[in-house]
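Chemist: okay, predicted coordinates and the sequence, questions at the end:
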Number of protein chains: 4
Amino acid sequence: MRSEMGWSTADRIVVRGLDLPGEILGKLNLGDMAFLELTGRTPGANESRLFNAMVVTLVEHGITPSALAARLTYLGAPEAMQAAVAAGLCGLGSVFVGSTEGCAKMLYEALPDPKAPADLPALARRIVADHRAHRQILPGLGHPIHKPRDPRTGRLFEIARETGFYGRYCELVQLIAAEAERAAGKSLPLNATGAIGALGCELGFDWKVLRGLGVMARAIGLVGHLLEESREPIAQEVWLRVEEEASDHLKPKT
Amino acid sequence: MRSEMGWSTADRIVVRGLDLPGEILGKLNLGDMAFLELTGRTPGANESRLFNAMVVTLVEHGITPSALAARLTYLGAPEAMQAAVAAGLCGLGSVFVGSTEGCAKMLYEALPDPKAPADLPALARRIVADHRAHRQILPGLGHPIHKPRDPRTGRLFEIARETGFYGRYCELVQLIAAEAERAAGKSLPLNATGAIGALGCELGFDWKVLRGLGVMARAIGLVGHLLEESREPIAQEVWLRVEEEASDHLKPKT
Amino acid sequence: MRSEMGWSTADRIVVRGLDLPGEILGKLNLGDMAFLELTGRTPGANESRLFNAMVVTLVEHGITPSALAARLTYLGAPEAMQAAVAAGLCGLGSVFVGSTEGCAKMLYEALPDPKAPADLPALARRIVADHRAHRQILPGLGHPIHKPRDPRTGRLFEIARETGFYGRYCELVQLIAAEAERAAGKSLPLNATGAIGALGCELGFDWKVLRGLGVMARAIGLVGHLLEESREPIAQEVWLRVEEEASDHLKPKT
Amino acid sequence: MRSEMGWSTADRIVVRGLDLPGEILGKLNLGDMAFLELTGRTPGANESRLFNAMVVTLVEHGITPSALAARLTYLGAPEAMQAAVAAGLCGLGSVFVGSTEGCAKMLYEALPDPKAPADLPALARRIVADHRAHRQILPGLGHPIHKPRDPRTGRLFEIARETGFYGRYCELVQLIAAEAERAAGKSLPLNATGAIGALGCELGFDWKVLRGLGVMARAIGLVGHLLEESREPIAQEVWLRVEEEASDHLKPKT
């Protein structure tokens, strides 16, 4: 049994090969530290800027099912805030967060080696046709609110260009989105999870990491929600209203 | 029911009053974003440096009970990584993480107004005497490994001095540690959770926030552990060894 | 490291000293099995009837914060139903479930040996006076809906009488309730958690077990809620309504 | 928004259409209550005996990854036992518990109407051939320890025969196991999860319910483990041993 994450002795603490007090504290910001955890090395300045932007994008989405689950949990166990965050994380599954890793997987399968010659428009057409033939949803496309464009996508790709990471995975995913819109005859914007999936590929991340980005980001956001809940609670009101409405048809009418 | 966390329309996403694409992405690092979530404003440069250092300190502690719980959970449900992180967070309770908020509470109660005149050495003596009289543990003091000094504490206070946040809560907690060592006649170093508790007070944070810092930081660290577990697993070996040893006395000897 | 819970070999499976196929399956109901897990022995017929009634009481309470948290989690991760149950359990803390153990603790402290001579009415008066003097809530008393009586309490004590377990802890808790009502001058019915706390004492259970009864019972109820959620969902509607209302004051008016 | 689970007024509590004090408490055991939650009706005597046996089978498996995760969580947050149970449940995913629902799904797809004429041996051959052709694991077959037979399977089918529920799904799953053993040329016993999958089909349960049976059963078992952990702890020892071994190669040798 071996782990490379870290070790300590009486006077030393080493994380991923770096001295925590001397080489990390005061030098790495929280996003850089996350990058170190995931890759085993500190990011360069451009990587740092892009990676921080990717994770920051995922921190806060207002009142989500996950934020509500955390707040309702906190109502019953305010002494165990960690468990309320845990409850909120439990719902970050296939429906809302899975599309990031799904998109990265799709792109890696289509383009295992980003430097090999490839006809990107043809790849995009084939991917869209395949998904349509199997009636599969294209991960990372479409958004219930942000139409015709997800405002995060353009900004993330802008930062990718500024940092030198706008590459063929970004190109490919945008071609897929355009082809999907053409084939479907309706607005199917590349959303933030799709953009982050493509950027994860540009950074060479394992697709498994990408759900993790959403999980760590949302943990931060959930702590924010719980602090607000402790000051301006909504969970009890949510509960009482739903309880009343949902059981109204069962109760005897007086 | 009201929440100030954020809102969105078709073409806008606003978090804590700031335009996410235009004012946050590419401008705030992940620690700054956490600061925004907790306080509703972006940190100044000095706040950013100190706050990032505080949270970064809490990300990685090697193989902890929490990391093991996450890895054992991942063994049974690799398709639900979010639930493995959640399982790891569930153990961040009174034993390992609670001392940060306990320390902050103790300091705020002793010194509700950091600018009011106060005899800090006398306060420290009274706090230590009170805890000893009630046989209560002083939160944030002592460490099983890091003796006679926790190497993170000195570095965090150094950063606090560099950023102008080394104030009376830091002074007081160090006086408490010195007095506690004197009274106990043994090494009781101010540990990282105690230092972070004091720094939380310097930043004016609600003590409830401080457990949250540990929770968000550890969520990042747990994603790192799960990525390593997916590549170099240890959970199955842990399980099989413990299972065999723990039930050995029950099994019939052949 | 030793555990007495169970062991197995190629052809045998033994749980708490009993052969699972031969001595447990088809012979113990689920409540009896829970009793075996907690005590290391199978219950007698009267114990079985009372214990099953106690746990059954705690299974289903309609739409609770815990049920809502589970349903909202399921909305995001339907492929991980276990995590949705886990999310629901995370909220079973001090506010809703803690009163059972609090009541048992209070009774055990007042009456460590149920056979020793004691003036129960005097004990009840002292307990109520103490709690009132310290402005502490008496655990297990009062209910927002079930006034002036909790209909479960009478039935549980009836079963306790039928099975020979209505003893001095039951007497004492009812005296406490009567005294508390008298002192407060308002309805403070002994609720189901208080009754179950007292019955736990009659059965000689460690007070720590009692939160566990609520946790195991609610896990069963949560599976029921998630099955209903998979057929007649409400979580998405809850989310969308709360999201709209809570952020309405922030959005620009057109 | 509607839920049929239950409702209450000042003097009434109704669960799934039954009066909780009058029609449930003292009359239904915990397994019957679970049956009521899942189906909306109370089980007949034979259904009760079989269903209780199925769930009881899943309660306790000694030291599992799930039990270890719960114990390690309890070590850090003993004040939040509910969160330790939650952590243990989070790992009940595809690897250990998913085979029950997988088996039921396979059987329902092969035999949607158990009364329609069908050539069961031919069905079994086709299912085994299909899985082998796609290199898919047959859910519910094989066991690392219980060879050549899982002792629970025979007993569960015996109870199914005694209660009149041994039907064509049981026959089919046993034919599949025999055919799989023949094709693989090695021992592939029908294990308890496979048997319970088939019995779930005999009872007409939605396959989604079946993971739920494991989840509710294990919640009971986890409470048992946590009670033992509170008395005879092993988690700290597990942690310290793994921590030392896993980081030994990193630490400087003196």
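Modeler: Arrived safely, thanks for sending. Residues are numbered from 1 along each chain as shown, chains lettered A, B, ... in the order given.

Chemist: quickly list what residue A:19 is bridged to.
Modeler: Beta-bridge pairing for residue A:19 (DSSP bridges): residue A:14.

Chemist: right, and the helix or strand after the lengthiest helix in chain A?
Modeler: Ranked by residue count under DSSP state H, the longest helix found in chain A is helix A:207-231. Using DSSP states H and E, the next helix or strand after helix A:207-231 towards the C-terminus is helix A:235-247.

Chemist: so, in contact with chain B or not, that next one?
Modeler: Yes: counting by Cβ under 8 Å from any Cβ of the partner chain, contacts between helix A:235-247 and chain B involve A:237-238. Just so you know, the C-beta spots here come from the backbone N, C-alpha and C atoms, and that holds for glycine as well.

Chemist: per-residue confidence at residue A:97?
Modeler: Here the pLDDT value assigned to residue A:97 is 83.

Chemist: count of residues packed around it?
Modeler: When counting by other Cβ atoms under 10 Å in any protein chain shown, one arrives at 27 neighbours for residue A:97.

Chemist: what sits against it?
Modeler: For residue A:97, the contacting residues are A:193, A:211, A:214-215, A:218, B:82, C:76, by Cβ atoms under 8 Å, 6 or more residues apart in numbering or on different chains.

Chemist: which non-adjacent residue is nearest the spatially most central residue of chain A?
Modeler: With distances taken as Cα atoms, centre = their mean, the residue of chain A nearest its centroid is residue A:214 (3.1 Å). Spatial nearest neighbour of residue A:214, excluding adjacent residues (Cβ to Cβ, 6 or more residues apart in numbering or on different chains): residue A:97 at 4.3 Å.

Chemist: what about that neighbour, distance to residue D:43?
Modeler: 39 Å (Cβ to Cβ, to the nearest Å).

Chemist: quick one: the residue nearest to residue A:214 from residue A:103, how far?
Modeler: Using Cβ to Cβ, residue A:97 is found at 11 Å from residue A:103.

Chemist: need the residues touching each of those two.
Modeler: In contact with both residue A:97 and residue A:103: residue A:193, using Cβ under 8 Å, 6+ apart.

Chemist: and the longest helix of chain A, how far out from the chain's middle?
Modeler: Distance, stretch centre to chain centre, for helix A:207-231: 10 Å (Cα atoms, centre = their mean, to the nearest Å).

Chemist: swap in stretch A:199-212?
Modeler: Its chain's C-alpha centre and that of stretch A:199-212 lie 10 Å apart, by Cα atoms, centre = their mean.

Chemist: same check, this time on stretch A:36-55
Modeler: Its chain's average C-alpha position is 15 Å from that of stretch A:36-55, according to Cα atoms, centre = their mean.

Chemist: run the contact check for that stretch versus chain B.
Modeler: Yes: judged by Cβ under 8 Å from any Cβ, stretch A:36-55 and chain B are in contact via A:37-38, A:48-49, A:52-53, A:55.

Chemist: return the subset of these lying in helices.
Modeler: Short answer: the residues of stretch A:36-55 next to chain B in helices (DSSP H) are A:37-38, A:48-49, A:52-53, A:55.

Chemist: can you tell me which of these is nearest residue D:198?
Modeler: Proximity of those to residue D:198 (Cβ to Cβ) peaks at residue A:38, which lies at 43.2 Å.

Chemist: wait, the closest one touches residue A:212, no?
Modeler: Yes: with contact defined as Cβ atoms under 8 Å, residue A:38 counts as touching residue A:212 (7.3 Å).

Chemist: which residues are common contacts for the two?
Modeler: Joint contacts of residue A:38 and residue A:212 (Cβ under 8 Å, 6+ apart) are B:223, B:227.

Chemist: which one is residue A:65 nearest to, not counting chain neighbours?
Modeler: residue C:72 (4.2 Å).

Chemist: shouldn't that neighbour be in contact with residue A:71?
Modeler: No: here residue C:72 does not reach residue A:71: they are 9.8 Å apart, not a contact under Cβ under 8 Å.

Chemist: need the pLDDT of the residue lying closest to residue A:216 once chain neighbours are set aside.
Modeler: Ranked by Cβ to Cβ, 6+ apart and with sequence neighbours excluded, the top spatial neighbour of residue A:216 is residue B:220, at 4.5 Å. Here the pLDDT value assigned to residue B:220 is 98.

Chemist: try residue A:5
Modeler: Taking residue A:5 on its own, its pLDDT is 97.

Chemist: so who does it touch?
Modeler: Shown in contact with residue A:5 (Cβ under 8 Å, 6+ apart): A:15-16, A:37, B:60, B:62-63, B:67, B:221, B:224-225, B:228.

Chemist: now with 10 Å, please.
Modeler: Contacts here follow Cβ atoms under 10 Å, 6 or more residues apart in numbering or on different chains; on that basis residue A:5 touches A:14-16, A:37, A:40, B:60-64, B:67, B:221, B:224-225, B:227-228, D:246-247, D:250.

Chemist: swap in residue A:235?
Modeler: Taking Cβ under 10 Å, 6+ apart, one finds A:68-76, A:84, A:229, B:1, C:65, C:68-69, C:91, C:242 in contact with residue A:235.

Chemist: and if we set it to 6 Å?
Modeler: Going by Cβ atoms under 6 Å, 6 or more residues apart in numbering or on different chains, residue A:235 touches A:71-72, A:75.

Chemist: check residue A:211 too.
Modeler: A:97, A:101, B:81.

Chemist: against chain C, how distant is it?
Modeler: Relative to chain C, residue A:211 is positioned 11 Å away (criterion: Cβ to the nearest Cβ, to the nearest Å).

Chemist: and the residue lying closest to that residue once chain neighbours are set aside, how many neighbours?
Modeler: Nearest non-adjacent residue to residue A:211, counting by Cβ to Cβ, 6+ apart: residue A:101, 4.9 Å away. Counted with other Cβ under 10 Å, residues neighbouring residue A:101 total 27.

Chemist: residue A:71 now?
Modeler: With other Cβ under 10 Å as criterion, residue A:71 counts 32.

Chemist: other residues contacting the strand or helix carrying it?
Modeler: When elements are defined using DSSP H and E, residue A:71 is found to belong to helix A:65-76. Helix A:65-76 has contacts (Cβ under 6 Å, 6+ apart) with A:84, A:87-88, A:91, A:222, A:225-226, A:229, A:235-236, C:65, C:68-69, C:72-73, C:75-76, C:87, C:90-91, C:93, C:95-96, C:239.
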